[in-house]
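K.L.:
quick check, what structure comes out for this input:
(one chain, ligands or ions: 2)
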Amino acid sequence: MKDYSSYITDKEKEHEALCKRCGACCGALNDPCIHLQKDKQGKYFCDTYDNRTREHNTISGETFRCVDIRSIIYKEWKGKENCEYFLKLKEPSIDHSP
Ligand code: SF4
Ligand code: SF4
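P.N.:
Ligands and ions are numbered 1, 2, ... in the order given. Got it, this is the predicted structure:
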């Protein structure tokens, strides 16, 4: 039987795996965060992921505070309609995993 901490770790991995790395929550479709990078497969990643929860600048020089996707999922932002977490909230019974 699994212990509680490995259960939580597995759940966190499962949750993170939902993200298709479209970059929309980091401004990929309008004014991206300076830490948003693209890999060879065309997927986005954050170059400061472990220290992301703080103030950053966008490419145009705007300052904003990076927050967890759970904090913005009920707000409006460009590309949200295709975010896997938003889609899962809308239709939790559908498997949106890659
Ligand atoms: S710092 Fe935040 S907004 Fe910027 S790329 Fe990383 S996760 Fe996205
Ligand atoms: S918008 Fe959603 S699916 Fe796209 S990178 Fe952000 S969390 Fe992942």
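
K.L.:
which non-adjacent residue is nearest L18?
P.N.:
By the measure of C-beta to C-beta, 6 or more residues apart in numbering, the closest residue to L18 outside its immediate chain neighbours is E84, 4.6 Å from it. In short, each C-beta sits where N, CA and C put it, glycine included.

K.L.:
relative to K11, how far out is the one you found?
P.N.:
Computed with C-beta to C-beta, to the nearest Å, the distance linking E84 and K11 is 16 Å.

K.L.:
ok, these two, which is more surrounded?
P.N.:
E84 (17 against 10; other C-beta atoms under 10 Å).

K.L.:
got the residues of the chain near ligand 2?
P.N.:
Contact residues (C-beta under 6 Å from any ligand atom) of the chain with ligand 2: C19, K20, R21, C22, G23, A24, C25, I69, G79, C83, E84, Y85.

K.L.:
can you pull out the helices in the chain?
P.N.:
Under the criterion DSSP state H, the chain carries helices at the ranges 4-17, 69-72, 84-90.

K.L.:
tell me which of those helices sits most buried.
P.N.:
helix 84-90 (a mean of 15; mean count of other C-beta atoms under 10 Å).

K.L.:
for it, what is the average pLDDT?
P.N.:
For helix 84-90, mean pLDDT rounds to 92.
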